[in-house]
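Student: Below is the sequence, then the predicted model.
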Amino acid sequence: GELLDRIRWSHVAEGVPYYIHGDLQFGNIIYSPEKDRFSLIDWRQDFAGELLFGDIYYDFAKLNAGIHLNLLKLEQGDFHVGSRSKLISVACPQVEHYQVYRQLLMDSASRMGLEPSKIDLLTGLVYLNMAGIHHEPVATMLYSFAIHWLTQSIDVFANQTLKVPKTLPRAA
């Protein structure tokens, strides 16, 4: 509650309409070496009822969440959640070359005129949303990641003026 009360929701709600995937995560990206081409599967039917557009920040946040937290390792049970007193400790292997992928993602976002701080804030909200649909101990781990991301990004995001580009290139 208190952490979420610190979010400037009016700025979060200032989305950038774009033709989006809606669930852009690595499990929905297929690479064909023969064609040297990427394809996306499992497209979301709509985004809050909108059939043609969604908020491009959401796709970037979903990718960022998948870059930081190795979801394949999570699905395989390769993680640890422990607690002592009022502290929770979590450990899950990061995606190999995490920093390189994150930099590429944030560079792409910046070239599109998007704010990396908003992507980070939404990443925390993605983890929070994911926590609610998983069972223990995965739910506790995702909730802990959400609190970490939100705590790290709320003040950064709150101190920036959101720049919303007038137009973005349309997806092919």
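Tutor: Great, that's in hand. Numbering: from 1, shown residues only.

Student: Which residue ranges of this protein form strands?
Tutor: 17-18, 29-32, 37-40, 54-55, 80-84, 87-91 (DSSP state E).

Student: In CSV: those, plus mean pLDDT, mean neighbour count and distance to Lys62.
Tutor: In short, each C-beta sits where N, CA and C put it, glycine included. Output for the strands of the chain, formatted as CSV (pLDDT from 0 to 100; neighbours: other CB atoms under 10 Å; distance: least, CB to CB, whole Å):
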stretch, mean pLDDT, mean neighbour count, distance to Lys62
strand 17-18, 78, 18, 14
strand 29-32, 92, 11, 11
strand 37-40, 91, 10, 12
strand 54-55, 80, 22, 11
strand 80-84, 78, 12, 22
strand 87-91, 74, 12, 20
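
Student: what's the spacing between the nearest residue to Phe53 once chain neighbours are set aside and His80?
Tutor: Take Phe53 and drop its neighbours on the chain: the residue closest to it by CB to CB, 6 or more residues apart in numbering is Pro17, 4.1 Å away. Distance of Pro17 to His80, given as CB to CB, to the nearest Å: 41 Å.
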